[in-house]
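> heads up, no residue letters with this:
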DNA sequence: AACTCATATAGACATTTGTCAATGTGATTT
DNA sequence: AAATCACATTGACAAATGTCTATATGAGTT
């Protein structure tokens, strides 16, 4: 992932309480949709919608196993998200504000 | 911050490309709104809207200095967000799925 | 006091989001 | 092949989001 826009879907996926709880549940290990559904008072279609957002963001891996979908966390993506947060919140030589003559950051302090 | 819901506004704040860029700019140090505005092709009111979301999420600190608003990053919040991501993505004894007899995680593996 | 500069707020609007009930699809079972 | 189970998709809808123009507020300047 290279650009700011690449991380927008990841943080969007993280910005819903239900999805945060689903991620937490998956930290225990693999689960199928029906297992997850039992823990929430939402409809099956709503869960399917959330799982789509989670898998499309790369935070969750979903593989079909017969009739079931087996979901697991994709730790690489969460690690990338953490690295990205660290990156944008710490000073660096190629900071966006130092590009194309940013008046603020290139002036003597 | 204690609950899942506490982090939703933080990730919501992070799930917009413009706001990610603003955070990146602030990693260089303090900036006022007009400095930030120069780097974007958005209206002044739109920037004001984004700064409100960033400050209310706790990611950015804004202090008035006469007519100016001086914005800085609030690293504690980003660190808390990172800790939270790590927390929910790694197995733990008090995992949500281990509460109130979760059928999946309490069964023998 | 009037003016200007920096920022906030209000109102309008199109788009996106989260939710559901209903239905479709594909796999397993009978 | 018919029925059932697990999940996805569709259509509808209210609420939230991101954007703008216009206007308000509040601070400094003339």
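Yep, it's here. Values in this document were obtained by computation on a predicted structure and should not be read as measured data.

> residue ranges with poor pLDDT in chain A?
A:96-109 (pLDDT under 70).

> what does chain A put close to DNA strand C?
A:12, A:15-16, A:18, A:41-46, A:49-50, A:53, A:66-67 (Cβ under 7 Å from any atom of the strand). (C-beta placed from N, C-alpha, C; glycine too.)

> now, which of those sits nearest residue A:80?
Nearest to residue A:80 out of these is residue A:12 (Cβ to Cβ; 15.0 Å).

> contacts only, for the nearest residue to that closest one once chain neighbours are set aside.
Counting by Cβ to Cβ, 6 or more residues apart in numbering or on different chains, residue A:12 lies nearest to residue B:15, which is 4.1 Å off, once chain neighbours are set aside. Residue B:15 sits next to A:8, A:9, A:11, A:12, A:14, A:15 when contact means Cβ atoms under 8 Å, 6 or more residues apart in numbering or on different chains.

> can you turn the buried part of those residues into a ChimeraX selection?
In ChimeraX syntax, the buried subset of the contacts of residue B:15 is picked out as below (16 or more other Cβ atoms under 10 Å in any protein chain shown):
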select /A:8,11,12,14,15
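
> near DNA strand D, which residues of chain A?
A:32-34, A:37, A:44-45, A:48-49, A:51-52, A:62, A:67-69.

> which residues does residue A:61 bridge with?
Here residue A:61 sits in beta bridges with residue A:72, as judged by DSSP bridges.
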